[in-house]
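In: need a 3D model of the following:
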Amino acid sequence: MTHAPPFRRRTLLLAGSLLAFGAAMPGFATEPWPSKPITLVVPFSAGGPTDTQMRAMAVAVGKALGQPVLVVNQPGAGGTLAPAQMARNAAADGYTLVLITPAVFRLPHLQKVGYDALNDFSYVAGLTSYVYAMSVPTDSRFKSLADVIAYAGANPGKLNVAAVGNGTLGHIATHQLQKQAGVQLNYVPFKGGADAVTALLGGHVDVMLEAGWGAMANGGKLRLLAVAEEQRLPKWSQVPTFKESGYDIVVRSTVGIAGPRNLPAPVLSRLEETLRKAAQDPAYAKALDNESMPNRFEDSKAYRQYALTQFAADKRNVRELGLAME
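Out: Got it, this is the predicted structure:
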């Protein structure tokens, strides 16, 4: 009878032990992903435009993966509470994801936060963008951005500009316009986009420099004067960009999906490809179109690069404009 050399016997025993350990642990290293429902945390209240979009996306992703995607609403801290809690508490297994808004990159430069924007997340994919624009009621005397600037120049501090909150992208864009045009504007912050739109339509402010205008513009209640984009919007091709109007103001406001840090590469890759396909879902596309939001899918690499770029840009803007939370 031939016996295996001692070294080989030890190797075989070790291999056998590992196989036995794997057999004793159901699904160990071999369990297919996903094998249970996935949770998508949306950092806004239920019923709003973004929530509606993400619910449509969740249905499409769930169908593609063969597991339901459950949407959980967790508003708070300007859209950063949900990402912060996910980063701290969720396992890096792909079963808990969160919607990331640009506030995640800006808030760390304004106050202490409970997350590291660049290291606590696995950036899976960018989906769309909030489109910032200057809008007025359709019966406004202002027919163009030039009209607004002319009035502001002749009436220092009397033009009321609405946007959401202090230190936000709308606030930053208003400061940039004021600085570049050499005028004095009266910035009026609101708690949310709906409040800002209501004030605009009610004549309590003169213009709004903010996202969230889509439904009202589609309904003919608001008129756009300029969009803070690199190029004109296909659906609103008659509206010039701020750049075309002489002001270097472009707001990048990408919204995307992330998981906790160190998501396994196969899980991240499958999520990325599933989101790419789900972005073409008709119900999701319609939800975007209702708010005039573009379908701008970005893969994981591009979305992470956006995070790095936006974090640096927000740091620079906050410092240069002297913004601070009140």
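In: which helix runs longest in this structure?
Out: If you go by DSSP state H, the chain has its longest helix at helix 300-321.
In: buried set for that one?
Out: Using 16 or more other CB atoms under 10 Å as the test for burial, helix 300-321 gives Ser300, Ala302, Tyr303, Arg304, Tyr306, Ala307, Gln310, Phe311, Asp314, Asn317, Val318, Leu321. Where you see a C-beta, it was placed from the backbone N, CA and C, and this is true even at glycine.
In: and stretch 129-145, by the same measure?
Out: Buried, per 16+ other CB under 10 Å, within stretch 129-145: Ser129, Tyr130, Val131, Tyr132, Ala133, Met134, Ser135, Val136, Pro137, Ser140, Phe142, Leu145.
In: and the gap between Leu110 and Gly212?
Out: Distance of Leu110 to Gly212, computed by CB to CB, to the nearest Å: 21 Å.
In: look up the residues forming beta bridges with Leu97.
Out: Note on Leu97: beta-bridge partners Leu40, judged by DSSP bridges.
In: can you give me the neighbour number for it?
Out: Neighbourhood size, Leu97 [other CB atoms under 10 Å]: 24.
In: any idea how far it is from Met54?
Out: Leu97 is 10 Å from Met54, by CB to CB.
In: what do these two both touch?
Out: Counting by CB atoms under 8 Å, 6 or more residues apart in numbering, the contacts common to Leu97 and Met54 are Leu40.
In: check contacts around the residue nearest the centre of the chain.
Out: Against the mean C-alpha coordinate of the chain, by CA atoms, centre = their mean, the closest residue is Val255 at 2.2 Å. Going by CB under 8 Å, 6+ apart, Val255 touches Thr50, Leu99, Ile100, Thr101, Pro102, Gly126, Leu127, Thr128, Ser129, Tyr130.
In: who does the helix or strand it falls within pair up with?
Out: Val255 is located in strand 254-260, with elements delineated by DSSP states H and E. Applying DSSP bridges, strand 254-260 is found paired with strand 96-100 (antiparallel), strand 121-129 (antiparallel).
In: give the other helices and strands that the next helix or strand after that strand contacts.
Out: Using DSSP H and E, the helix or strand that follows strand 254-260 towards the C-terminus is helix 265-278. Counting contacts by 3 or more CB pairs under 8 Å, 6 or more residues apart in numbering; DSSP states H and E, helix 265-278 packs against helix 49-65, strand 121-129, strand 254-260, helix 300-321.
In: circling back: nearest to Val161, of the strands paired with strand 254-260?
Out: strand 121-129 (21.2 Å; CB to CB).
In: need the contact partners of that closest one.
Out: Applying CB under 8 Å, 6+ apart, the contact partners of strand 121-129 are 53, 57, 83, 87, 92, 97, 100, 115, 252-263, 268, 271-272, 275-276, 279, 288, 293-300, 302-304, 306-307.
In: sounds good, over and out.
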